[in-house]
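>>> Next input, structure requested:
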Amino acid sequence: MTIPALDHSATSYSLAHAYWMAQAAGLAGEEPDGIEERARAWGFDTVRCFESPHAMPFPIEDTQAYLMASDRMIVVGFRGTEVLKIYDWLTDVNTPPVPGPAGKGFVHYGFSQALRSVYAQIRDAVEELRTKGQSLWFTGHSLGGALAMLAGAHYRFEEPRRLPDGVYTYGQPRTCERLLAGVYDSAFRNRCHRFVNNNDIVPQLPPEPVFTHVDAPHYFDADGRLHDAMPLLTGLKDRAKGFSQDMFAPGTVAIKDHHLRNYLTAFEKNLAAPGARV
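Numbering: from 1, shown residues only. Here you go, the predicted model:
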């Protein structure tokens, strides 16, 4: 199987571009030297890393993100985390939402605080480096997906009110309520792509009806086939394969399906399929 190289001139969705944004999401978990080495191998000549420690009672020690820039493309990736490290955020029905970007709707308190610790630095770096009309992409897996979605919202709805070319998330938890989701979906039509791998437990949390998802979902079924919608009845039947009572147990399908490596494997399977539109 030959996967096309990362296309720095991409301006819209493709299967290959979604795969590379997933790779970029995973890169956020590396050490700065590793990020820079890989980014340069992918054709980016500028790399910035961002980290902000949190005080208790945050369940993660810090927020980490990075930016890589070429003369045609800028990518901002946010680090994810293990499911059990954000278990309380994902299951606490008493977590109060807080006002969203530019006062548009409400967002999950934990995700909002985690992003705020690094967002100003990221915004300023983008403004400094985006001098040649480069495309701009936000990406992240798990917690990183929530932060990527919110970063896109801040960049669009606050000054200078610019629109990223795309937001790609993988295993993203529900991040906001319906009002913000509505204005986000309108502003990011055909620009936001949210991938869910079969039984992945994280996209099913925090619980509805307080929190909801933004569009547009893409769904890998139990056999790894990618669908551009999540049909209710067939989706429920498909997810029943391998379902476990204790969904948060480390060895269950609900946790395994959340691993980014399994998202990448599913992408590779679809890219290799006969007649695949890459």
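>>> what about the helices in this protein?
Per DSSP state H, the chain carries helices over the ranges 15-27, 32-41, 87-91, 109-129, 143-157, 178-187, 232-239, 253-256, 260-272.
>>> between those, which one is nearest to I201?
Distance to I201, taken as C-beta to C-beta, is lowest for helix 253-256 among these, at 3.8 Å. (C-beta placed from N, C-alpha, C; glycine too.)
>>> For that closest one, C-alpha coordinates in CSV please.
Once side chains and other backbone atoms are set aside, the C-alpha atoms of helix 253-256 remain, and they are given as CSV (Å, rounded to 0.1, in the frame of the first residue of the first chain):
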residue,chain,number,x,y,z
VAL,A,253,-13.4,-2.6,22.8
ALA,A,254,-14.7,0.8,24.0
ILE,A,255,-11.2,1.7,25.1
LYS,A,256,-9.3,-0.1,22.3
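>>> before we move on, the earlier item: include distance to D223 and mean neighbour count when you put the helices of the chain into TSV, please.
Shown next, in TSV, are the helices of the chain (distance: least, C-beta to C-beta, whole Å; neighbours: other C-beta atoms under 10 Å):
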stretch	distance to D223	mean neighbour count
helix 15-27	17	22
helix 32-41	30	15
helix 87-91	27	17
helix 109-129	32	18
helix 143-157	23	27
helix 178-187	29	17
helix 232-239	8	13
helix 253-256	13	20
helix 260-272	9	18
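>>> Compare the ones you listed and say which comes out lowest on pLDDT.
Across those, helix 232-239 has the smallest mean pLDDT, namely a mean of 52.
>>> Just list the residues touching F267, thanks.
By C-beta atoms under 8 Å, 6 or more residues apart in numbering, the residues touching F267 are L15, A18, Y19, A22, L226.
>>> Dump the helices of the chain into TSV; add distance to R79 as well.
TSV is the format used below for the helices of the chain (distance: least, C-beta to C-beta, whole Å):
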stretch	distance to R79
helix 15-27	9
helix 32-41	10
helix 87-91	15
helix 109-129	10
helix 143-157	5
helix 178-187	22
helix 232-239	27
helix 253-256	18
helix 260-272	11
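>>> Relative to R72, which of these is closest?
Smallest distance to R72 across the helices of the chain (C-beta to C-beta): 12.1 Å, for helix 109-129.
>>> Give me the packing partners of that closest one, helices and strands only.
Counting contacts by 3 or more C-beta pairs under 8 Å, 6 or more residues apart in numbering; DSSP states H and E, the secondary-structure elements packed against helix 109-129 are strand 46-53, strand 62-69, strand 73-78, strand 97-99, helix 143-157.
>>> G110 versus the nearest residue to F106 once chain neighbours are set aside, what's the distance?
Taking C-beta to C-beta, 6 or more residues apart in numbering as the measure, F106 lies nearest to P97, with 3.5 Å between them; neighbours along the chain are not counted. Here the criterion is C-beta to C-beta, to the nearest Å. By it, P97 lies 10 Å from G110.
>>> just E208 next, same as before
Distance check for E208 against G110: by C-beta to C-beta, it reads 17 Å.
>>> picking that back up, tell me which of the helices of the chain sits nearest to A69.
Short answer: helix 109-129, nearest of these by C-beta to C-beta, at 4.7 Å.
>>> can you give me the angle that closest one makes with strand 62-69?
For helix 109-129 against strand 62-69, the angle between stretch directions is 30 degrees (axes from the mean of the first three to the mean of the last three C-alpha atoms, to 10 degrees).
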